[in-house]
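**Student:** fold the following for me, if possible:
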Amino acid sequence: MKLSKQFPLNALRVFETAARLGSFTKAGEELGMTQTAVSYQIKLLEENVGEPLFLRRPRQITLTETGERLAPKVTEAFAMLHDAMATARDSVEGTLAISSTHTFASKWLAPRLGSFHLKHPAIAVRFQSTSDIIDFAREQIDVGIRWGDGDWPGLTLHRLMGLEFTPMLSPKLAEAKGGIREPRDLLKFDLFDAGDIWWKQWFEAAGVTETDLDRRPRNQLGSQAMEADAAIAGHGVAILHPAFYEAEIALGRLYQPFELTRNDGKAYWLAYPENRRNVPKIKAFRNWILEEMKAAGN
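**Tutor:** Got it, this is the predicted structure:
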């Protein structure tokens, strides 16, 4: 028996990609193949299975019933192969690759990593700082710290913490413009980022219904941490999570003019593929970070 006839791995990879992307053209772009080559591999697989896997319509493909049954199994199988190869390349302890937003990594995670290393000295940590939602199937990342509503199918998710937000600025900047007595006074300053929905939500909660937020230039700095740095430097007002900046407030580098905070219902989540939940280094990090969150009251 020839294994290639029973398990056409290349055709299965092409099928998995086309099913996931819903397009032969996009599958070809991801795999570095022509659309004709993609179609040929799908045809080979259909001949092997004995039934059509896609319904071809002008500029559109959809999975047949057989294709819908096959697609998730093939995706899971390739994920298992990916996991097996990753395990073969690395030791059980190895290196833990973490994808996180810049703000969470710099203001919460990095200052606490010492306690993780004390508990797990054999596990090295590699950070990838990004606001993008990474694709675990395509990138060599073990766990992700994501900000959002927790709606990411196919992943195991653990809620870590929500964020209260409120305006903050340099005390010197506030004094330079005569102080801040009421929420409307904040409109005298440049805001980071004026188009952020947090500003609208906070002003509405403060009773300020008429603002010029829509007409202001959007000073987008890429992360809350960068906006905090700009506020500390006296360039404007940032809307921040006060608990991340307790040290800056204590040192007089940042000033929170109002006690009012808001929460949009979103949160930071620990995320990883369901089929990797029992990988030792992932289990170690999961248990550690959940213990840290519990100790902090989150």
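**Student:** contacts, neighbours, all on C-alpha from now
**Tutor:** Noted.
**Student:** for this protein, which helix is longest?
**Tutor:** helix 65-89 (DSSP state H).
**Student:** so what does it touch, helix or strand wise?
**Tutor:** In terms of contacts (3 or more Cα pairs under 8 Å, 6 or more residues apart in numbering; DSSP states H and E), helix 65-89 is packed against helix 9-21.
**Student:** mind listing what's buried in the helix it packs on?
**Tutor:** Residues of helix 9-21 classed as buried: Ala11, Leu12, Arg13, Val14, Phe15, Glu16, Thr17, Ala18, Ala19 (neighbour count, 16 or more other Cα atoms under 10 Å).
**Student:** output the contacting helices and strands for it.
**Tutor:** helix 24-31, helix 35-49, helix 65-89.
**Student:** for the residue lying closest to Gly236 once chain neighbours are set aside, phi and psi?
**Tutor:** Nearest residue to Gly236, sequence neighbours excluded (Cα to Cα, 6 or more residues apart in numbering): Asp190, at 4.6 Å. Main-chain torsions, Asp190, degrees, to the nearest 10: phi -70, psi 140.
**Student:** ok, Asp190 - contacts?
**Tutor:** His235, Gly236, Val237 (Cα atoms under 8 Å, 6 or more residues apart in numbering).
**Student:** from the residues you listed, pick the one nearest Arg112.
**Tutor:** Among the contacts of Asp190, Val237 lies closest to Arg112 (Cα to Cα), at 27.7 Å.
**Student:** count the residues that sit near that closest one.
**Tutor:** 28 (other Cα atoms under 10 Å).
**Student:** that one touches Pro171, doesn't it?
**Tutor:** No: at 10.6 Å, Val237 and Pro171 do not qualify as touching, with contact defined as Cα atoms under 8 Å.
**Student:** if I look at the residue lying closest to Gln128 once chain neighbours are set aside, how far off is Pro121?
**Tutor:** Using Cα to Cα, 6+ apart and skipping the chain neighbours, the partner closest in space to Gln128 is Ser99 (4.6 Å). The gap separating Ser99 from Pro121 is 20 Å, by Cα to Cα, to the nearest Å.
**Student:** so which of the two has more stuff around it?
**Tutor:** Ser99 (25 against 11).
**Student:** let me see the mean pLDDT of whichever strand or helix holds the more buried one.
**Tutor:** Secondary structure assignment for Ser99, by DSSP states H and E: strand 95-100. Computed over strand 95-100, the mean pLDDT rounds to 92.
**Student:** same question for stretch 279-286.
**Tutor:** Computed over stretch 279-286, the average pLDDT equals 93.
**Student:** how far off centre is that stretch?
**Tutor:** Stretch 279-286 sits 19 Å away from the centroid of its parent chain (Cα atoms, centre = their mean, to the nearest Å).
**Student:** ok, stretch 24-38 next?
**Tutor:** For stretch 24-38, the distance to the chain centre is 27 Å (Cα atoms, centre = their mean).
**Student:** same check, this time on stretch 132-143
**Tutor:** 9 Å.
**Student:** start to end distance for that stretch?
**Tutor:** End to end - Cα to Cα - stretch 132-143 spans 14 Å.
**Student:** coming back round to it: and of the contacts of Asp190, the nearest to Ile133?
**Tutor:** Nearest to Ile133 among these, with distances taken as Cα to Cα, is Val237, at 27.5 Å.
**Student:** tell me who's in contact with that closest one.
**Tutor:** Pro167, Met168, Leu169, Ser170, Leu186, Phe189, Asp190, Leu191, Phe192, Ala231.
**Student:** let's see which of those residues end up in helices.
**Tutor:** Ala231.
**Student:** just the buried ones among the contacts of Val237, please.
**Tutor:** Pro167, Met168, Leu169, Ser170, Leu186, Asp190, Leu191, Phe192, Ala231.
**Student:** show me which of the contacts of Asp190 is closest to Gly150.
**Tutor:** Among those, Val237 lies closest to Gly150 (Cα to Cα), at 29.0 Å.
**Student:** what are the phi and psi angles of the closest one?
**Tutor:** Dihedral angles (degrees, to the nearest 10) for Val237: phi -110, psi 130.
**Student:** for Arg159, see how far away Tyr245 is.
**Tutor:** The value you get for Tyr245 to Arg159, if Cα to Cα is used, is 21 Å.
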